[in-house]
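S.K.: Here is a sequence together with a model predicted from it:
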Amino acid sequence: MKASANGAPVRVLFVESNTELGGAQMALLTLLGHLDRGRVCPFFSCLGFGEGDMPSLVERLGVPVHRMPPGRFRSLPATMRKIARLRELIRVHGIDVVFSNGGHAVLYAQPAARLTQRLCAWWVHGYCPVDPMKGHPIALAELFLQSDLLLANSRFTAETLHKVLPERGTIPLLRCGVDLRRHRPDAEAGAAARHAEGLGPEELVVGIFGRLQPWKGQHLLLQAAGQLARRGVVPRFLVVGGSVFGLDPGYGRQLKRLALAAGLNAAVRFLGQRTDVNALMNGCDLVVHASVEAEPWGLVVAEAMAAGRPVVAAAAGGPLEMIQHGVNGWLVPPGDPAALAASLEYLLARPELRARLGEAAQVHAAENFGAKHAAQILTRELCSARERRARFG
């Protein structure tokens, strides 16, 4: 089947490696839910890694889903079968653009697109330059499998890519949009979430949200909590998230041992993976982002801002593009528990400042981070890429 004519909706095969929901997967799921189906006709292929719910959630959006059996990229037979299956889907559905959500999926999406002479787009959620002399075969493959369209989730990611691929020129930004219907101020839901966790209305609550990995810095928050406790400042702490993609499964146990050693057992609640994130955020007086490495974007920061929460974030990477210190949030040096503790103590003692930061954060998020706006940007880029292909071949 030939690719769609220029007046028809762009037919896009979205390719995702993982079934579990991390930030990149949530970003794609949200994007799919906000596309104008009159302009973009989506299909979804999951490469079968993990045992999560993403394929089912995509199906609920009315998007056709094609599941594949698992098989590592290093297994040549499994990889070739997946590329062949993608090639078949492209032809059967008359796909115009094969869209890779992240670097792993592009290892399959780009060869399939090339074999069928279709466009390949790659949404880059973070890129770490590699040293060719040290190997890194998958990262090198990502680098050499050039896509027709690169989309960066932040200026930070775009600048990192440009250092490696200066010939690409300006790399368009496609920031991870927030579903503003789901992530919004909701005092009633926040109060109910606090009650469900046994937290009184007058208690101060600090939350950190995200998958449990050392680079996400949950241990830094617990270290800061220990410093606060020694100064007689003892808010409640919510650690929301779990191990995802099979990464660092023992880190959660390390965090619990750290809390126990610091005498924080009564102050810290480990809530694991939750679906009521907006309610829990609304139940927090402060939301902390504590990544020790530069965050490529920071979807949790954007979601907390959309919920009208004051955010204390590590000042590196994507959060620097979201937060103006002291205006719509608070920035601290990454990897510095003492600075984090000092900022928490300062803000917890100033409810008026917290309220002002949260209100400004909500306005900024509503104006800049909405998923509908992100979907419009993607649609524009896909249509432009298809038009260029039709014009120049």
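M.R.: Looks like it came in fine.
S.K.: going forward, measure contacts between C-alpha atoms and count neighbours the same way
M.R.: Will do.
S.K.: Show me the shaky parts of the protein.
M.R.: Low-confidence segments of the chain (pLDDT under 70): 1-6, 128-146, 392-393.
S.K.: got the residue ranges for the strands in it?
M.R.: 10-18, 40-49, 65-67, 97-101, 119-124, 149-152, 205-209, 236-240, 268-272, 286-289, 311-314, 330-332 (DSSP state E).
S.K.: Residue ranges of each domain in the chain, please.
M.R.: Listed by automatic domain parsing, the domain ranges of the chain are 10-177+371-392, 187-368.
S.K.: Mean neighbour count added to these, as CSV?
M.R.: Output for the domains of the chain, formatted as CSV (neighbours: other C-alpha atoms under 10 Å):
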stretch, mean neighbour count
domain 10-177+371-392, 18
domain 187-368, 20
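S.K.: quick one: the nearest residue to A290 once chain neighbours are set aside from L258, how far?
M.R.: Using C-alpha to C-alpha, 6 or more residues apart in numbering and skipping the chain neighbours, the partner closest in space to A290 is G217 (4.9 Å). Distance of G217 to L258, computed by C-alpha to C-alpha, to the nearest Å: 13 Å.
S.K.: same question, R309
M.R.: Note on R309: its distance to L258, by C-alpha to C-alpha, is 27 Å.
S.K.: what about the longest helix in this structure?
M.R.: helix 371-392 (DSSP state H).
S.K.: Would you mind giving the orientation angle of that helix with respect to strand 10-18?
M.R.: Following axes from the mean of the first three to the mean of the last three C-alpha atoms, to 10 degrees, one obtains 120 degrees for the angle between helix 371-392 and strand 10-18.
S.K.: thought H289 was touching I208?
M.R.: Yes: counting by C-alpha atoms under 8 Å, H289 touches I208, with 6.4 Å between them.
S.K.: all helices of the stretch 201-350 of the chain, in order?
M.R.: Counting by DSSP state H, counting those that start in this stretch, the stretch 201-350 of the chain has these helices, from start to end: 218-230, 251-261, 277-282, 299-306, 319-322, 337-348.
S.K.: Out of those, flag the one nearest R87.
M.R.: Shortest separation from R87 across the helices of the stretch 201-350 of the chain is recorded for helix 299-306, at 32.0 Å, computed as C-alpha to C-alpha.
S.K.: and for that closest one, what are the contacting residues?
M.R.: Taking contacts as C-alpha atoms under 8 Å, 6 or more residues apart in numbering, the residues outside helix 299-306 that touch it are 23, 27, 176, 178, 180, 183-185, 209-210, 278, 281, 287, 289, 310-311, 313, 319, 322, 358, 361-366, 369.
S.K.: then it to PDB, C-alphas only?
M.R.: Presented in PDB, the C-alpha positions along helix 299-306 are these (Å, rounded to 0.1, in the frame of the first residue of the first chain):
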ATOM      1  CA  LEU A 299       8.100  15.100  33.800                       C
ATOM      2  CA  VAL A 300       7.400  14.900  37.500                       C
ATOM      3  CA  VAL A 301       8.400  18.500  37.900                       C
ATOM      4  CA  ALA A 302       6.000  19.600  35.200                       C
ATOM      5  CA  GLU A 303       3.200  17.500  36.700                       C
ATOM      6  CA  ALA A 304       3.700  18.900  40.200                       C
ATOM      7  CA  MET A 305       3.700  22.400  38.800                       C
ATOM      8  CA  ALA A 306       0.500  21.700  36.900                       C
END
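S.K.: orientation of that helix relative to strand 205-209 in degrees?
M.R.: Inter-element angle recorded for helix 299-306 and strand 205-209: 140 degrees (by the same axes, to 10 degrees).
S.K.: Let me see the contact set for H364.
M.R.: Contact analysis of H364 by C-alpha under 8 Å, 6+ apart lists M305, A306, N328.
S.K.: Could you export the residues you listed as CSV, including distance to R85?
M.R.: Below are those laid out as CSV (distance: C-alpha to C-alpha, whole Å):
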residue, distance to R85
M305, 41
A306, 39
N328, 47
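S.K.: of these, closest to F99?
M.R.: Distance ranking of these against F99, using C-alpha to C-alpha, places A306 first at 27.2 Å.
S.K.: residue contacts, the residue nearest to the closest one when sequence neighbours are not counted?
M.R.: The shortest distance from A306 to any non-neighbouring residue, by C-alpha to C-alpha, 6+ apart, is to Q362 (4.6 Å). For Q362, the contacting residues are R184, P185, M305, A306, A307, G308, R309, taking C-alpha under 8 Å, 6+ apart as the criterion.
S.K.: For the third one, give its distance to G242.
M.R.: It stands for M305. With the distance defined as C-alpha to C-alpha, M305 ends up 22 Å from G242.
S.K.: And for the last one?
M.R.: Distance of R309 to G242, computed by C-alpha to C-alpha: 22 Å.
S.K.: Please determine how far E293 is located from H125.
M.R.: Using C-alpha to C-alpha, we find E293 at a distance of 14 Å from H125.
S.K.: Over to H289?
M.R.: Computed as C-alpha to C-alpha, the H289 to H125 distance reads 18 Å.
S.K.: Then R354?
M.R.: To H125, R354 is 30 Å away according to C-alpha to C-alpha.
S.K.: How about H373?
M.R.: According to C-alpha to C-alpha, H373 and H125 sit 18 Å apart.
S.K.: Ok, L344 next?
M.R.: L344 sits at a distance of 29 Å from H125 (criterion: C-alpha to C-alpha).
S.K.: circling back: just send the strands of the chain back as JSON lines, with distance to R87 too.
M.R.: Below are these laid out as JSON lines (distance: least, C-alpha to C-alpha, whole Å):
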{"stretch": "strand 10-18", "distance to R87": "11"}
{"stretch": "strand 40-49", "distance to R87": "11"}
{"stretch": "strand 65-67", "distance to R87": "12"}
{"stretch": "strand 97-101", "distance to R87": "10"}
{"stretch": "strand 119-124", "distance to R87": "12"}
{"stretch": "strand 149-152", "distance to R87": "19"}
{"stretch": "strand 205-209", "distance to R87": "38"}
{"stretch": "strand 236-240", "distance to R87": "40"}
{"stretch": "strand 268-272", "distance to R87": "39"}
{"stretch": "strand 286-289", "distance to R87": "41"}
{"stretch": "strand 311-314", "distance to R87": "42"}
{"stretch": "strand 330-332", "distance to R87": "46"}
